[in-house]
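Visitor: Fold the following.
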Amino acid sequence: MKKNVGILIFDNAEVLDFAGPFEVFSVSSELYNHTLFNVFCVAKKEEAISAVNGLSVNPHYSFENAPKIDILIISGGEGTKKQILDKDVLSWLEKTHNDTELTLSICSGSRLLGVLGELDEKPYCTHHQVYENMKKLVPTGKPQENKRFVRSGKIYTSGGISAGIDLSFHIVEQLYGQKVANNTARYMEYHKVNY
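Guide: Okay, the predicted model is just below:
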């Protein structure tokens, strides 16, 4: 059954945090006659956001008209500092997360899950420059600074920026198998690198 992948974007979201997963899920679906995923971006309002370094992006939906989301992806970036103070964002996020099959945070998108209490006493990943801030937001959390991504129940958190691509491939493989993930990686000419 085709799954809805909704990506939360906002002003000063990190570009690769949303563009990387968008590409992985979209391409994997494209290679299989658009039968695997329906991928879209959601913002508080249905108007252009200005991502990090000024890239203008038009969301497909607002909080008010977004369809049900099976896989929620939370972008990171400097904009998360404002998002964790926005009650409308947190309310939508909490409600949406409660109904997802999977919720993924990319990079500093972990801040949003952190302030909602979703990472209390759980392992998590984030951008290497955000761990100190996260220790204040989630004092009982268990930072995994040596991991690219980590799972806790239906929540996945990933490290900085490009780690969201690795996590997206992992989810594709978990849902549809290694062949689908490998075909997607081959089409994208994406090769995993060992650090």
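
Visitor: Number of residues surrounding residue 164?
Guide: When neighbours are defined as other CB atoms under 10 Å, residue 164 has 33 of them. In short, each C-beta sits where N, CA and C put it, glycine included.

Visitor: oh sorry, the question was meant for residue 16
Guide: Look at residue 16: counted by other CB under 10 Å, it has 23 neighbours.

Visitor: before we move on, what about residue 90?
Guide: By the measure other CB under 10 Å, the count of residues near residue 90 is 15.

Visitor: same deal with residue 20?
Guide: For residue 20, the count of nearby residues is 25 (other CB under 10 Å).

Visitor: show me the residues around it that make contact.
Guide: Counting by CB atoms under 8 Å, 6 or more residues apart in numbering, residue 20 touches 106, 161, 162, 164, 165, 168.

Visitor: Could you rerun that using 7 Å?
Guide: 162, 164, 165, 168 (CB atoms under 7 Å, 6 or more residues apart in numbering).

Visitor: Next: residue 22.
Guide: 7, 39.

Visitor: Just the buried subset of the contacts of residue 20, please.
Guide: Buried residues within these, counting neighbours by 16 or more other CB atoms under 10 Å: 164, 165, 168.

Visitor: give me the element the second one is part of.
Guide: Under DSSP states H and E, the secondary-structure element containing residue 165 is helix 163-176.
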